[in-house]
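**Q** What shape does this take:
(one chain, ligands or ions: 1)
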Amino acid sequence: MSERWYKEAVVYSLQVDSFADSDGDGCGDLRGLISRLDYLARLGVTCLWLNPVHPSPLRDNGYDITDYYGIHPRLGSLGDFAELVLEARERGMRILMDLVVNHTSDEHPWFVSAQGSPDSPYRDWYVWSDTEPSDRKQGMVFPGEQEETWSWSDAAQSWYYHRFYGFQPDLNWANPAVRAEIRKVMGFWLQLGVAGFRVDAAPFILEQTVPGVASPPMDWTILDDWRSEVQWRRGDAVLLCEANVGAVDVPKYTGENPEGANDRAHMMFSFGLNARLWLALARGLAEPVVEALQSLPRLQAMAQWATFLRNHDELDLSKLTADQRAEVFAAFGPKADMRIYDRGIRRRLAPMLRGDRRHVELAYALQFSMPGSPVLRYGEELGMGEDLSLDGRESIRTPMQWDDGPNAGFSDAADPGDLVRPVVTRGPFSYRTVNVRAEQRDRDSLLRWFGELIDTVRECPEIGVGVCSVLDVPTPPSVLAHRFDAPEGSILLLHNLADGAVTVDIGRLPGTEGRPWEMFADGPYPRPAATLRNLSLNGWGYRWIRLRRGRSD
Ligand code: NOJ
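**A** Just a heads-up that it's a prediction; the model follows:
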């Protein structure tokens, strides 16, 4: 195990309100999550990323906070949170929490005070303009749900800036008092034992908004400060940035000098790779992934990617061209109600792949073979589906399906009408068939498969820490052949993105010792010879082949 735990982490992302309800009020809570930690430990994940748990009016799934030092009462108490951290640690799991500090809720006492009087000590904690900004209707993140980024406040008699919804006023990061307060917030949760933060909306925190200026300057010292603060408070804590930015900007988030030490965020979500993976899946061709891997920005040795296929938001295809986006829409989001904000798809993965088990396995094997640490969204390990009758991104936030009993075992006592969101009850993804208990009993289930995938990844540290290269050999266009090399060993990965069997000729590879052997595959294949000739691959098949074990044998 690397001393940098995040380089070999398997992250599980969940929202507490949808996971497990311990008190029967219909809303998941921290005690419910604690009661399910054994399930997560058995699955093999090593880190839990919790979506926001703080007091909030919940107009954006908790990303609109009214108290950074508290726990939303419907989820439990600070005591429950401390116990969660402890119980998770006992099972070898760390906790990451969302740090949502680009904005607060408009009901946060800071904003209420700021609006109430120009003399409020909090007035300058937000971003104001006395005159109507010329870019008032530009830069919206939620087109269709948001009409402007500057809104008029009657109470304040001024315009205030909000990159997201109007009820999420942006904090003024140019103000040292804001910086000091948020450092305190970070220190508070680190003191309670969290292993770091997923930094929500990182680019918008850094950008120093000026009314009417389209590309405002970025203040990187914010990340510098956070890094040193986090490191000082807890040596092994990490910052994981949510930043869907272009390749040239990525290294700025992890530290400017690619040869130097990683001195800003430890981890970045690989948004660019995510969109390309979906394009490749839509086409049944490896090329988009090959291009993405070859143009993947180089991070400093100690920085790490966090890979994902689905998260708690829409599948964001904004970085594809309009034609490419149309291809992914046609394949995986053909109906208008499956799409959102003109750029994304509001579905879970299993239904997007028509519930085809082989295709689902291929997609996740591919993700877990990408450079970085994999992030898995709750319920994906079961093949859960979405509920398109729910508004916007709520479609993919339905309760975890634990068993085929009332409320899918999510809440024993609540009336179904009182659940935080309805359970998926209809169609092939209904909780009656897709649930933990049924899949734990079935040795061939997707859940069991995920257990094996995660075990294998944890046995392949090369994927987290090694150097990734795409093989320079002719392969069928549907096949991605790549490898990782690290002191710990070398591994070859073959993925067939199309539904037709193929044969791959690799030839003898440098770095192979003795006869290679299969670590993980979609089915039985003849053992590969050292020459790696005539390797068959089923339609949507995958083979992870170890070429060498390193010094850690
Ligand atoms: C990014 C989060 O992922 C998303 O769910 C949220 O709506 C916005 N930030 C605003 O906080």
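**Q** Which single residue of the stretch 1-150 of the chain ends up nearest the ligand?
**A** The nearest approach of the stretch 1-150 of the chain to the ligand comes at residue 63, 3.3 Å away (C-beta to the nearest ligand atom). The way it works is simple: take the backbone N, C-alpha and C, and place the C-beta from them, glycine included.
**Q** residues near the residue lying closest to that residue once chain neighbours are set aside, how many?
**A** Distance criterion C-beta to C-beta, 6 or more residues apart in numbering; nearest residue to residue 63, sequence neighbours excluded, is residue 100 at 5.2 Å. Look at residue 100: counted by other C-beta atoms under 10 Å, it has 26 neighbours.
**Q** Kindly report the same for residue 293.
**A** 18.
**Q** does it really touch residue 482, like I thought?
**A** Yes. The pair residue 293 and residue 482 passes the contact test of C-beta atoms under 8 Å, sitting 6.6 Å apart.
**Q** got a list of what the spatially most central residue of the chain touches?
**A** Taking C-alpha atoms, centre = their mean, the centroid of the chain lies closest to residue 311, which sits 4.9 Å from it. Contact analysis of residue 311 by C-beta atoms under 8 Å, 6 or more residues apart in numbering lists 13, 269, 375, 377.
**Q** Would you mind measuring from the second one to the ligand?
**A** Read it as residue 269. 10 Å (C-beta to the nearest ligand atom, to the nearest Å).
**Q** beta partners of the nearest residue in space to that residue that is not next to it in sequence?
**A** In space, residue 269 comes closest to residue 306 once its chain neighbours are excluded; the distance is 4.9 Å by C-beta to C-beta, 6+ apart. Beta-bridge partners for residue 306, by DSSP bridges, are residue 269, residue 373.
**Q** Go ahead and confirm residue 306 touches residue 270.
**A** Yes. Shown here, residue 306 and residue 270 form a contact pair, counting by C-beta under 8 Å, at 6.7 Å.
**Q** Quick one: residues contacting the spatially closest residue to residue 410 that is not a sequence neighbour.
**A** Spatial nearest neighbour of residue 410, excluding adjacent residues (C-beta to C-beta, 6+ apart): residue 399 at 3.8 Å. When contacts are counted by C-beta under 8 Å, 6+ apart, residue 399 touches 18, 19, 28, 407, 408, 410, 411, 419, 420, 421, 422, 423.
**Q** that older thread, give me the common contacts of residue 293 and residue 482.
**A** With C-beta under 8 Å, 6+ apart as the test, residue 293 and residue 482 both reach 468, 470.
**Q** okay, now the domains of this structure?
**A** The chain breaks down into these domains under automatic domain parsing: 2-104+175-455, 109-161, 467-549.
**Q** got the phi/psi numbers for residue 225?
**A** Backbone torsions for residue 225, taken as degrees, to the nearest 10, come to phi -60, psi -50.
**Q** burial measure for it, as a count.
**A** 15.
**Q** Check residue 79 too.
**A** Residue 79: 10 surrounding residues under other C-beta under 10 Å.
**Q** next SSE after the helix or strand hosting it?
**A** If you go by DSSP states H and E, residue 79 is part of helix 78-90. With elements assigned by DSSP H and E, the helix or strand that comes after helix 78-90 is strand 94-99.
**Q** buried ones in the helix or strand just after that next one?
**A** Using DSSP H and E, the next helix or strand after strand 94-99 towards the C-terminus is helix 109-116. Residues of helix 109-116 classed as buried: 110, 111, 112, 114, 115 (neighbour count, 16 or more other C-beta atoms under 10 Å).
**Q** Over to stretch 68-78?
**A** Those would be 68, 71, 72, 74, 75, 76, for stretch 68-78 by 16+ other C-beta under 10 Å.
**Q** Over to the residue located most distally from the centre of the chain. Which of the three states is it?
**A** Taking C-alpha atoms, centre = their mean, the residue of the chain most remote from its mean C-alpha position is residue 119, at 40.5 Å. Under DSSP: H, G, I helix; E, B strand; the rest coil, the three-state class of residue 119 is coil.
**Q** same deal with residue 211?
**A** Strictly by three-state DSSP, residue 211 counts as coil.
**Q** Could you pull up the contacting residues of it?
**A** 129, 131, 133, 134, 135, 150, 159, 161 are the contacts of residue 211 under C-beta under 8 Å, 6+ apart.
**Q** Filter the residues you listed down to the buried ones.
**A** Here, 16+ other C-beta under 10 Å leaves 129, 133, 135, 150, 159, 161 buried among the contacts of residue 211.
**Q** how much space between the fifth one and residue 108?
**A** Pointing back at residue 159 there. 18 Å (C-beta to C-beta, to the nearest Å).
**Q** cool, and the last one?
**A** To residue 108, residue 161 is 15 Å away according to C-beta to C-beta.
**Q** quick one: low-confidence parts of the stretch 101-250 of the chain?
**A** Under the criterion pLDDT under 70, no range of the stretch 101-250 of the chain is flagged.
**Q** Mind jotting down where the helices sit in it?
**A** 109-116, 176-191, 202-206, 221-233, 250-254 (DSSP state H, counting those that start in this stretch).
**Q** could I get the ones you listed as JSON lines with distance to the ligand?
**A** Formatted as JSON lines, these follow (distance: least, C-beta to the nearest ligand atom, whole Å):
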{"stretch": "helix 109-116", "distance to the ligand": "15"}
{"stretch": "helix 176-191", "distance to the ligand": "15"}
{"stretch": "helix 202-206", "distance to the ligand": "9"}
{"stretch": "helix 221-233", "distance to the ligand": "17"}
{"stretch": "helix 250-254", "distance to the ligand": "16"}
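**Q** would you list these in a markdown table and tack on distance to residue 368?
**A** Output for those, formatted as a markdown table (distance: least, C-beta to C-beta, whole Å):
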| stretch | distance to residue 368 |
| --- | --- |
| helix 109-116 | 41 |
| helix 176-191 | 29 |
| helix 202-206 | 24 |
| helix 221-233 | 27 |
| helix 250-254 | 21 |
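**Q** Select, out of those, the one closest to residue 428.
**A** helix 202-206 (37.5 Å; C-beta to C-beta).
**Q** contacts for that closest one?
**A** Residues contacting helix 202-206 (C-beta under 8 Å, 6+ apart): 101-102, 163, 170-171, 173, 199, 218-220, 222-223, 241-243, 245, 249, 253, 265.
**Q** In ChimeraX, how would I select the buried members of those?
**A** Buried members of the contacts of helix 202-206, defined by 16+ other C-beta under 10 Å, are picked up in ChimeraX with:
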select :101,102,163,170,171,173,199,219,222,223,241,242,243,245,253,265
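**Q** now, which of the contacts of helix 202-206 lie within strands?
**A** Of the contacts of helix 202-206, the ones assigned to strands by DSSP state E are 199, 241.
**Q** neighbours around the residue nearest to residue 353 when sequence neighbours are not counted, how many?
**A** Nearest non-adjacent residue to residue 353, counting by C-beta to C-beta, 6+ apart: residue 359, 4.2 Å away. Neighbourhood size, residue 359 [other C-beta under 10 Å]: 20.
**Q** So residue 359 belongs to a helix, correct?
**A** Yes. Under three-state DSSP, residue 359 falls within a helix.
**Q** Surely it touches residue 499?
**A** Yes. Here residue 359 reaches residue 499: they are 7.4 Å apart, a contact under C-beta under 8 Å.
**Q** Get me the contact residues on the stretch 451-553 of the chain for the ligand.
**A** Contact residues, the stretch 451-553 of the chain versus the ligand (C-beta under 6 Å from any ligand atom): none.
**Q** need the strands for the stretch 451-553 of the chain, in chain order.
**A** 467-470, 479-486, 489-496, 502-504, 517-521, 535-537, 542-549 (DSSP state E, counting those that start in this stretch).
**Q** which of those sits most buried?
**A** Across the strands of the stretch 451-553 of the chain, averaging neighbours per residue (mean count of other C-beta atoms under 10 Å) puts strand 489-496 on top, at a mean of 25.
**Q** Please put the alpha-carbon coordinates of that strand into CSV.
**A** C-alpha atoms of strand 489-496 as CSV (Å, rounded to 0.1, in the frame of the first residue of the first chain):
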residue,chain,number,x,y,z
GLY,A,489,4.5,-4.5,-11.3
SER,A,490,3.2,-4.2,-14.8
ILE,A,491,-0.3,-4.9,-16.1
LEU,A,492,-1.8,-5.1,-19.6
LEU,A,493,-5.5,-4.2,-20.0
LEU,A,494,-7.6,-5.1,-23.0
HIS,A,495,-11.2,-3.8,-23.4
ASN,A,496,-13.5,-4.5,-26.3
